[in-house]
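I'd like to go over a predicted model; first the sequence, then the structure.
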Amino acid sequence: MDTARTTDPGHVRVNAAMGVYVPAGTALRLVSDGTDLAKRLIAESRDPTVEELDKMFEAGLAVAVLPIAPVQELQIRTGIVRNLDAGLRLATTGARLDLKFRFWNGGDQHASIGAGASKYFFSGPVFDALSFVKIDDFSRWDFEVPLLFSSEAGETFRFYGGAKYVLSLFSMDEKLVKAQHVAEQNGSPDVFRAKEKMHFVGGVAGIMLGFRHVFVALELTAGYTVAEPEIYSFVSKRPEKRSLGGVTLYPALGLVLAL
């Protein structure tokens, strides 16, 4: 919800937006399959097999790392010096601080590069939907570098687009809350600790329509997530890499005020 133009010192930009985070690759399938499996096991009142335990652990990890979720956010930006501003974004998923530097000003066209860091607010109960799997002590930090270009047509239209790279560092404890004795019989530890990273490479494109100080924005972030965390396998009885990545989408709609 931001163009490449920086906010002038003494001025403020505020935007409120809502969007939906959609991991359209492997994670979406894993969560769907794992949820269906958990419901089936509950309906049949039986313990999972070794292969089914593995599937639910993968699904639990996918829910934690790449959650399919609506997001509401509020962002405030202000200028520091000419061509440099700072922003604070508060969202239902976390908080983000960033700096943006405009390195090219062509009047109605602008180009900028930024750097930001986000801390996620997720907690264990969010991940209990699978019934069999619980995530504790979840921690995630994102570090991103966006490169933006934007163009303005008078006081009514804005277009912006660019590239984005995000490095995510996360850690968690993953536990079985049902069928724990099955896990123990298969020689697995009680707690599965994961400290991993993932990468997102993609782009963003958006349009803003309005007049002077008030704009409505429509935006799409799309790209590819590379995530291969290593967790214990009930089948091989050793840690193995799990592929969770794939195409990732984030469509959003927002209201922007420039004061």
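Perfect, I can see it now. Numbering: from 1, shown residues only.

Off-centre distance for the longest helix anywhere in the chain?
Once the chain is assigned using DSSP state H, the helix that runs over the most residues is helix 26-44. For helix 26-44, the distance between its averaged C-alpha position and the chain's averaged C-alpha position is 22 Å (C-alpha atoms, centre = their mean, to the nearest Å).

do the same with stretch 239-246
Chain-centre distance of stretch 239-246: 17 Å, with C-alpha atoms, centre = their mean.

Would you indicate which residues of it are buried?
Of the residues in stretch 239-246, those buried under the neighbour-count criterion (16 or more other C-beta atoms under 10 Å) are 242, 244-246. Placement of C-beta: from N, CA and C, glycine included.

now the end-to-end length of it.
From the first residue to the last, stretch 239-246 extends over 22 Å; the measure is C-alpha to C-alpha, to the nearest Å.

Would you mind pulling the contact partners of it?
23-28, 30, 58, 61-62, 65-66, 198, 224-233 (C-beta atoms under 8 Å, 6 or more residues apart in numbering).

please redo it, this time with the cut-off set to 6 Å
Contact with stretch 239-246 is made by 25-27, 58, 62, 225-230, 232-233, as judged by C-beta atoms under 6 Å, 6 or more residues apart in numbering.

can you list those in JSON lines and add secondary structure, pLDDT and distance to D98?
What follows is the contacts of stretch 239-246, written out as JSON lines (DSSP: H, G, I helix; E, B strand; the rest coil; pLDDT from 0 to 100; distance: C-beta to C-beta, whole Å):
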{"residue": "G25", "secondary structure": "coil", "pLDDT": "82", "distance to D98": "26"}
{"residue": "T26", "secondary structure": "helix", "pLDDT": "84", "distance to D98": "29"}
{"residue": "A27", "secondary structure": "helix", "pLDDT": "84", "distance to D98": "26"}
{"residue": "E58", "secondary structure": "helix", "pLDDT": "81", "distance to D98": "33"}
{"residue": "A62", "secondary structure": "helix", "pLDDT": "82", "distance to D98": "27"}
{"residue": "T225", "secondary structure": "strand", "pLDDT": "95", "distance to D98": "20"}
{"residue": "V226", "secondary structure": "strand", "pLDDT": "94", "distance to D98": "22"}
{"residue": "A227", "secondary structure": "strand", "pLDDT": "90", "distance to D98": "23"}
{"residue": "E228", "secondary structure": "coil", "pLDDT": "89", "distance to D98": "27"}
{"residue": "P229", "secondary structure": "coil", "pLDDT": "84", "distance to D98": "26"}
{"residue": "E230", "secondary structure": "strand", "pLDDT": "80", "distance to D98": "30"}
{"residue": "Y232", "secondary structure": "strand", "pLDDT": "73", "distance to D98": "36"}
{"residue": "S233", "secondary structure": "strand", "pLDDT": "77", "distance to D98": "38"}
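
out of the residues you listed, which is most surrounded?
Of the contacts of stretch 239-246, A62 is surrounded by the most neighbours, 28 neighbours in total, counting by other C-beta atoms under 10 Å.

Return the distance of that one relative to D54.
13 Å (C-beta to C-beta, to the nearest Å).

Distance check, the spatially closest residue to A24 that is not a sequence neighbour against L90.
With C-beta to C-beta, 6 or more residues apart in numbering as the criterion, A24 has its nearest non-adjacent residue at 4.6 Å, and that residue is V247. Using C-beta to C-beta, we find V247 at a distance of 27 Å from L90.

which residues does V235 contact?
By C-beta under 6 Å, 6+ apart, the contact set of V235 is 50, 54.

Which pLDDT does the model give it?
Model confidence at V235, expressed as pLDDT, equals 80.

do the one 10 residues further on as well
In the prediction, the pLDDT value recorded for G245 is 88.

Angles on the backbone of it, please.
Phi and psi for G245, reported as degrees, to the nearest 10, are phi -80, psi -170.

what does the longest helix of the chain contact?
Identification of contacts with helix 26-44 by C-beta under 6 Å, 6+ apart yields 48, 52, 55-56, 58-59, 62-63, 66, 130-132, 243-244, 246.

Just the buried residues of it, please?
Along helix 26-44, these residues count as buried under the neighbour rule (16+ other C-beta under 10 Å): 26-28, 30-31, 34-35, 37-38, 41.
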